[in-house]
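Chemist: any chance you can model this:
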Amino acid sequence: MRYKAGKIGRVFVVEFDHDDQVIDNIVDIAKREDIRAGIFYLLGGIKNADIVVGPEKEELPPEPVWRRLDESYEALGMGTIFWHDNEPKVHFHGAFGKKDNVKVGCLRGFSETFIIMEGIILEIKGVEATREIDPATGLALLRIIYHVTPT
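Modeler: Numbers count the residues shown, from 1 in each chain. Modelled structure (predicted):
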């Protein structure tokens, strides 16, 4: 385990409209506002979404198990923003429920707002980190950048 302390910078309140793309809009805000490191929270309605609900087996590289949310679901979750190369990459895990059907997973790719989605983005200042492709998993994983001060 490795860690680095930072501080909360700007705070963004996001109101997604019906049919808005969820992940694409978080990425767009991160680009426009140059959010290099951040955490975000989402709650509201989602539809037409793809989630990963775990690996097929506990082995590397993992083979993802995909589930499609074809209809509207209530959604609640949190994610992080760190950059890979010249693009912000988000990582979001959430719970998605409809009636007695609840799924928990990693939202990836396409997703649309159903009626409304609310978001809060907290910028993290003082922490340099990126996402780098991990050879063992093939995933863009978090890597904290440490600067060594000469003694």
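Chemist: and residue 31, how many neighbours?
Modeler: The local packing of residue 31 (other C-beta atoms under 10 Å) involves 13 other residues. For every residue, glycine as well, the C-beta is placed using N, CA and C.
Chemist: where does it sit, in terms of helix or strand?
Modeler: helix 22-32 (DSSP states H and E).
Chemist: what's in contact with that helix?
Modeler: In this structure, residues lying in contact with helix 22-32 by C-beta atoms under 8 Å, 6 or more residues apart in numbering are 12, 14, 16, 35, 38, 40, 42, 46, 49, 79, 81, 87-88, 90, 92, 107-113, 117, 119, 121.
Chemist: next one: stretch 117-129
Modeler: By C-beta under 8 Å, 6+ apart, the surrounding residues in contact with stretch 117-129 are 4-16, 20, 22, 26, 29-30, 33, 35-46, 75, 81-82, 142-145, 147.
Chemist: now, these that are in helices?
Modeler: The subset of the contacts of stretch 117-129 located in helices under the criterion DSSP state H comprises 22, 26, 29, 30.
Chemist: residues near the first one, how many?
Modeler: Read it as residue 22. Number of residues near residue 22 (other C-beta under 10 Å) recorded here: 26.
Chemist: next one: the one 5 residues further on
Modeler: The local packing of residue 27 (other C-beta under 10 Å) involves 17 other residues.
Chemist: ok, which stretches of the protein are strands?
Modeler: Counting by DSSP state E, the chain forms strands over residues 7-17, 37-47, 49-55, 64-69, 73-84, 87-98, 101-107, 112-125, 129-133, 140-144, given from the N-terminal end onward.
Chemist: flag every buried residue along the longest one.
Modeler: Neighbour-count burial for strand 112-125, with 16 or more other C-beta atoms under 10 Å as criterion, is recorded at 112, 113, 114, 117, 119, 121, 122, 123, 124.
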